[in-house]
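S.K.: Okay, predicted coordinates and the sequence, questions at the end:
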Amino acid sequence: AAAACTTVLPKYTGEVIDNIVIDKSGDKVRESLLMLSVMTLAAGVTSGGRACCFIIINVKLNVRIRDMAYRAILRQEIAYLDGQSTGKLTSRLSADVNTMA
């Protein structure tokens, strides 16, 4: 929907300019400006919704990968965990997951 709204913006911009320069009709200018405003608002709202969806998906993916990495660390032998510092393990959990996502 965002792409469709953005695609028609030049058409309505052209109509506004045509109505101002050629027709010089106040009613047509107002009508064209209203349609341009509605389409601009719709494009902004749908683009914002799309961005919000991507952010939500990214957060869910980040949590899922972090959980998988944490479970993989917990499945390691005790000797491996004894040889690693806590800071190194938590750093791996946060840095590696952020790199992947």
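M.R.: Nice, I can see it.

S.K.: longest helix of this protein?
M.R.: helix 26-74 (DSSP state H).

S.K.: Who are the packing partners of it?
M.R.: The elements that helix 26-74 packs onto, with contact taken as 3 or more C-beta pairs under 8 Å, 6 or more residues apart in numbering; DSSP states H and E, are helix 2-18, helix 97-100. (Glycine included, C-beta is placed from N, CA and C.)

S.K.: Restrict the following helix or strand past that helix to CA atoms and write it as PDB.
M.R.: Downstream of helix 26-74, the next assigned helix or strand under DSSP states H and E is helix 78-82. What follows is helix 78-82, C-alpha atoms only, in PDB (Å, rounded to 0.1, in the frame of the first residue of the first chain):
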ATOM      1  CA  ILE A  78      31.100 -28.400  31.900                       C
ATOM      2  CA  ALA A  79      34.800 -28.300  31.100                       C
ATOM      3  CA  TYR A  80      34.100 -25.800  28.300                       C
ATOM      4  CA  LEU A  81      32.100 -23.500  30.600                       C
ATOM      5  CA  ASP A  82      34.800 -23.700  33.300                       C
END
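
S.K.: Now do helix 78-82: distance to the chain's middle.
M.R.: 40 Å (C-alpha atoms, centre = their mean, to the nearest Å).

S.K.: now do stretch 31-41
M.R.: 24 Å.

S.K.: Show me which positions of that stretch end up buried.
M.R.: 32, 36, 39 (16 or more other C-beta atoms under 10 Å).

S.K.: For those residues, give me JSON lines that also has pLDDT and distance to residue 86.
M.R.: Output for these, formatted as JSON lines (pLDDT from 0 to 100; distance: C-beta to C-beta, whole Å):
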{"residue": "32", "pLDDT": "87", "distance to residue 86": "64"}
{"residue": "36", "pLDDT": "89", "distance to residue 86": "58"}
{"residue": "39", "pLDDT": "90", "distance to residue 86": "54"}
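
S.K.: so which of the residues you listed comes closest to residue 75?
M.R.: residue 39 (53.6 Å; C-beta to C-beta).

S.K.: I'd like to check which residues are in contact with the closest one.
M.R.: Counting by C-beta atoms under 8 Å, 6 or more residues apart in numbering, residue 39 touches 5, 8-9, 12.
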